[in-house]
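>>> please work out how this folds:
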Amino acid sequence: MRLTLQRWGLCVWLLLAPWVAAAQVDPGSAERLLRKSGLWVQLDGVAPQVRQGLLDAAAQSGRAPAPADADRLRAAADAAYAADRLRAVAMRLLSQELDGTHLKALFAWYDAPTGVLMTRLEERSSADPRDTEAVMADGAARWQVMAAERRGHIDALLQASGSVEAALSMTLNTVAGVRQGLAGVLPPGEGPTPEATRALLAEQLPRLRPAFENLVRAVSVVTYVEASDAQLVEYVGFLRSPAGLHLNDVMQRVLDAAFLEGATELGRRLAPPAGTPA
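Predicted coordinates for the structure are as follows:
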């Protein structure tokens with residue numbers, strides 16, 4: 001439905017803000033929808049991607065962590081973004097946010113052949129063992145030789161799913177979430193506030209958009225390579241339907257909340273141990 005979670009791991013610093021509402025869907029239906037949509041499986045890959053993204057970012061900055069610090073970083077990412085932890089948050093918020101009147105249409109889509117195929121393709125993409133640079137290179141090469149009509153279907157899918165905007169928003173909120181977690185354990189006034197961090201990042205989003213567009217498009221080209229043009233059109237139709245629009249909106253808030261919580265916990269765990277300089 002959106003850029004698969006594994007590939008958000010490249011930017012690793014991605015995700016959101018909590019939302020509160022009255023419960024509308026029973027937990028059993030919420031879990032069933034998470035499983036059928038593929039999100040249940042995709043959450044398995046978040047911790048490894050965050051972990052690797054943090055290590056890659058440190059290496060690219062020229063400040064690769066010492067072995068002991070790298071081990072601490074890995075443990076922090078694995079705990080903060082544990083699949084069971086993220087699923088619990090997603091289940092709770094989906095139950096609160098989803099309008100139960102859409103369930104019949106949603107399950108009809110996910111039980112239909114095209115819905116089943118799209119979930120399978122997205123789950124497989126999230127488990128792709130290649131690094132993101134390799135996937136992007138594959139997608140870019142395929143895009144160059146792709147027929148204009150097929151390109152139009154891919155772009156329509158990206159627009160209908162709101163993948164680029166979601167990735168940008170999630171990036172901003174995840175960085176702020178880590179800062180929020182750090183703020184809870186560091187001395188007052190130590191470093192920028194979460195609000196200042198969010199404002200600084202918001203100023204940078206227009207500059208980041210082209211890179212995110214290229215990332216999302218390339219990954220989508222690879223993800224849906226086995227889908228026919230007709231199936232892509234059908235998928236876009238679902239995403240633009242009342243049920244699809246509602247689910248996409250709710251899922252974004254669910255993901256935002258789950259990952260903000262993960263980022264905040266990561267910030268707490270990455271704070272300097274007691275008795276060491278910050």
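>>> I'd like to know how far residue 237 sits from residue 116.
Between residue 237 and residue 116 the distance is 16 Å, computed by CB to CB, to the nearest Å. To be clear about C-beta, it is placed using only N, CA and C from the backbone, and glycine gets the same treatment.
>>> show me where pLDDT drops low in the protein?
1-23, 57-58, 60-64, 173, 176-177, 179-195, 197-198, 272-278 (pLDDT under 70).
>>> rerun that using 90 as the cut-off
1-25, 42, 44-74, 76-77, 81, 126-133, 163-212, 252-278 (pLDDT under 90).
>>> that one: strands as residue ranges?
Taking DSSP state E as the criterion, the chain contains no strands.
>>> identify the residue nearest residue 124 in space, chain neighbours excluded?
residue 223 (7.9 Å; CB to CB, 6 or more residues apart in numbering).
>>> residues contacting the one you found?
For residue 223, the contact set (CB atoms under 8 Å, 6 or more residues apart in numbering) comprises 4, 121, 122, 124, 125.
>>> am I right that the last one is in contact with residue 219?
Yes: counting by CB atoms under 8 Å, residue 125 touches residue 219, with 7.0 Å between them.
>>> distance check, the residue lying closest to residue 128 once chain neighbours are set aside against residue 215.
Excluding the flanking residues, the one nearest residue 128 by CB to CB, 6+ apart is residue 135, at 6.2 Å. Distance, residue 135 to residue 215, by CB to CB: 9 Å.
>>> likewise for residue 240?
For residue 240, the distance to residue 215 - CB to CB - is 23 Å.
>>> residue 162 too?
Distance from residue 162 to residue 215, by CB to CB: 15 Å.
>>> out of those two, which sits in the more crowded spot?
Taking neighbours as other CB atoms under 10 Å, residue 162 and residue 215 compare with residue 215 leading, 22 against 17.
>>> go ahead and confirm the more buried one touches residue 167.
Yes: applying CB under 8 Å as the test, residue 215 and residue 167 come out as touching, 7.4 Å apart.
>>> and residue 84, how many residues sit next to it?
So residue 84, with other CB under 10 Å, has 8 neighbours.
>>> what residues are up against it?
The contact partners of residue 84, by CB under 8 Å, 6+ apart, come to none.
>>> likewise for residue 30?
Counting by CB under 8 Å, 6+ apart, residue 30 touches 91, 94, 95, 98.
>>> repeat the analysis, applying 10 Å as the threshold.
Contact partners of residue 30, counting by CB atoms under 10 Å, 6 or more residues apart in numbering, are 23-24, 90-98, 100, 103, 254.
>>> and what of residue 238?
By CB under 10 Å, 6+ apart, the contact set of residue 238 is 1, 105-106, 108-110, 112, 114-115, 118, 160, 244-245, 247-248.
>>> one more pass at 6 Å, please.
109, 244 (CB atoms under 6 Å, 6 or more residues apart in numbering).
>>> likewise residue 201?
Applying CB under 6 Å, 6+ apart, the residues near residue 201 are 172, 175.
>>> how many neighbours does residue 241 have?
16.
>>> please tell me how far it sits from residue 80.
Computed as CB to CB, the residue 241 to residue 80 distance reads 35 Å.
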